[in-house]
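[1] Build the 3D model from these lines:
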Amino acid sequence: MPKKFQLTAVPEKELKKIKGLAAVAVVETTWPKKESSAAEAKDALKTFHAKQPALKPSKNPEIAVRAVELTAGTLSKLAAVVNSGAAPAEMLAQQFDDKTLVGTIYSAVVTHEYMQMQSEFKRRSASPGTRKQAEAQWLEITKASQNAFAVAGLTGANEAKLSGFAKKLAANKDNLNAVTKIVNSAVSAEGPGGNKAPTSVRATFVPATATEIDLVPITNVIPNICSGPLVQGSFTKHFSYSFSLTVSLYVWCPKWTNPFRWCWKTFTIASVTFSLDINVGYKVNCCGASVWGQAAVQACASLVGFTVCASCVGTIVAVAGIAKTPVSGGKCTYGLGIVASLKCSFQGHTLFSRSVTFGYAITGPCPPAILPC
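    From the prediction side, this is the model:
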């Protein structure tokens, strides 16, 4: 049985060891001098969110696809990833790196296409009136499918071997359902195509990218916010998301009358769910605030002499004092707008990227008439 991996929380002192993770930065802000209402405070958070830089999708490196010979074991490993709710960790458990994963997906998809052509050939050759034409066309189908494997580095895929791949795929219902699920998820993508096979095959992971705003602030009471130079504390912000692991692939997509057809498609491989708790630190007084925070969950495995990691990281990247709202009894609510950057990756490929704006509201004494700010 493969070892099970979980994305586990990384201790704060270990965060700096995560590849590509910058040192945690302290971001500072001041409170607005003008007082505002509760409604205006909510609008200020929306305005702060709207002013954040647009989140640009990460450009992942291309992967040179190397087709693999399908076995029952390889197909079962792929099915385990497809049926997992935590695909990056399951990829590690199944001993996949980026290249072996896309190579397996490619071979499975091509074999599934070959099976569809087999079914069409059986239907057309059953009739005496179309049998001869179907047999001639089948030679072209076989040649095209052999080329599909050859351009991805797997030579010698003759008709007997192709039929063997198809039988192995059909032999296990769970494996067949998993590959069919991948094939049925296909969406046409932009990219070069045509009727001729390429000289090589490329794939990329497609990152899920989005921005959002959480209008329900985390609240706290700090009765001594104005009595000292700075009051220091922390709170935990919980993040939980689900997204689809998607691969863009240039792949053989035959039609019976056009067996050498190729297409760019994106395939949804599996769902991913992750949770992350950022311990947000702050220093505040009646003049302003400093905020910082970073957290990660990660799993790593050694595959054939090198280490492969999957991780999800959250970092506080921006803060603004957005409101100062009088309440009762000489108290004010000080509103902060905070931006967290969330990113999940597998072996250097970005799978998920999101910018989240949320609020933090502190209730304490209103500032004195004369502030040393």
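[2] Kindly list the longest helix within the protein.
    helix 98-125 (DSSP state H).
[3] helices and strands around that helix, which ones?
    Helix 98-125 sits against strand 63-64, helix 72-82, helix 128-150, helix 159-171, helix 173-184, strand 202-206, strand 231-252, strand 262-284, with contacts defined as 3 or more Cβ pairs under 8 Å, 6 or more residues apart in numbering; DSSP states H and E. Where C-beta positions appear, they are placed from N, C-alpha and C, glycine not excepted.
[4] If we go by neighbour counts, what in it is buried?
    Residues of helix 98-125 classed as buried by neighbour count (16 or more other Cβ atoms under 10 Å): 98, 100-115, 117-118, 120-121, 124-125.
[5] Same check on stretch 203-220?
    For stretch 203-220, a neighbour-count test (16+ other Cβ under 10 Å) marks 203-209, 211, 213-214, 217-218, 220 as buried.
[6] Report the mean confidence score over it.
    Mean pLDDT, computed over stretch 203-220, is 95.
[7] from here on, count from 4
    Okay, using 4 as the starting number, the last item reads as stretch 206-223.
[8] Would you mind putting the CA coordinates of it into CSV?
    Output of stretch 206-223 as CSV, limited to C-alpha atoms (Å, rounded to 0.1, in the frame of the first residue of the first chain):
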residue,chain,number,x,y,z
ALA,A,206,1.3,20.0,-21.1
THR,A,207,0.8,22.6,-18.3
PHE,A,208,-1.0,22.8,-15.0
VAL,A,209,-3.7,25.5,-15.2
PRO,A,210,-3.9,27.5,-11.9
ALA,A,211,-7.3,28.4,-10.4
THR,A,212,-7.1,32.1,-9.8
ALA,A,213,-9.6,34.4,-8.0
THR,A,214,-10.0,37.4,-5.7
GLU,A,215,-12.7,37.8,-3.0
ILE,A,216,-13.8,40.0,-0.1
ASP,A,217,-15.1,38.8,3.3
LEU,A,218,-17.4,41.5,4.7
VAL,A,219,-17.8,40.0,8.1
PRO,A,220,-15.0,41.4,10.2
ILE,A,221,-13.2,39.6,13.0
THR,A,222,-13.8,41.7,16.1
ASN,A,223,-11.8,42.4,19.3
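[9] Can you get me a residue count around residue 359?
    The number of residues packed around residue 359, counting by other Cβ atoms under 10 Å, is 19.
[10] That one: which element?
    With elements taken from DSSP states H and E, the one containing residue 359 is strand 352-368.
[11] Paired strands for that strand, with orientation please.
    Strand pairing for strand 352-368, using DSSP bridges, gives strand 211-224 (parallel), strand 334-349 (antiparallel).
[12] could you dump those to TSV with distance to residue 307?
    Below are those laid out as TSV (distance: least, Cβ to Cβ, whole Å):
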stretch	distance to residue 307
strand 211-224	29
strand 334-349	17
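[13] Of the ones you listed, which is nearest residue 190?
    strand 211-224 (13.8 Å; Cβ to Cβ).
[14] roughly how far is the closest one from the heart of the chain?
    Distance of strand 211-224 from the chain centroid (Cα atoms, centre = their mean, to the nearest Å) equals 20 Å.
[15] what's near enough to touch the nearest residue to residue 217 once chain neighbours are set aside?
    Excluding its sequence neighbours, the residue lying closest to residue 217 (Cβ to Cβ, 6 or more residues apart in numbering) is residue 361, at 4.1 Å. Applying Cβ atoms under 8 Å, 6 or more residues apart in numbering to residue 361 gives the contacts 216-217, 220-221, 240, 340-341, 343.
[16] so what's residue 361 scoring on pLDDT?
    With respect to pLDDT, residue 361 has a value of 97.
[17] Distance of it relative to residue 283?
    10 Å (Cβ to Cβ, to the nearest Å).
[18] what sits in contact with each of these two?
    Residues within reach of residue 361 and of residue 283 at once, by Cβ under 8 Å, 6+ apart, are 240, 341.
[19] how about residue 48, secondary structure?
    Three-state call for residue 48 (DSSP: H, G, I helix; E, B strand; the rest coil): helix.
[20] Was I right to think it contacts residue 341?
    No: judged on Cβ atoms under 8 Å, residue 48 makes no contact with residue 341 at a distance of 9.7 Å.
[21] Between those two, which has more neighbouring residues?
    Neighbour comparison, residue 48 and residue 341: the larger count goes to residue 341, with 29 against 24 (by other Cβ under 10 Å).
[22] Looks like that one contacts residue 284 (just checking).
    No: between residue 341 and residue 284 there is no contact under Cβ under 8 Å: 11.5 Å.
[23] Any stretches of this structure with poor pLDDT?
    Applying pLDDT under 70 to the chain flags the ranges 4-8, 23, 194-199, 374-376.
[24] Walk me through the domains of it.
    Following automatic domain parsing, one gets these domains for the chain: 11-62+210-244+277-368, 66-208.
[25] Make TSV from these and add distance to residue 270 to it.
    Below are the domains of the chain laid out as TSV (distance: least, Cβ to Cβ, whole Å):
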stretch	distance to residue 270
domain 11-62+210-244+277-368	14
domain 66-208	5
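[26] Of these, which is nearest residue 257?
    domain 66-208 (5.9 Å).
[27] tell me how far the ends of the closest one are from each other?
    The straight-line separation of the ends of domain 66-208 (Cα to Cα, to the nearest Å) is 9 Å.
[28] can you check stretch 84-94 too?
    End-to-end for stretch 84-94, by Cα to Cα: 6 Å.
[29] residues making contact with that stretch?
    7-10, 83, 97, 99, 104, 177, 181-182, 184-185, 248, 272-277, 302, 313, 347, 349, 354.
[30] Show me what counts as buried in that stretch.
    Buried residues in stretch 84-94 (16+ other Cβ under 10 Å): 84-85, 87, 89-94.
[31] again, but for stretch 321-341
    321-328, 335-341.
[32] Brilliant, that's me finished.
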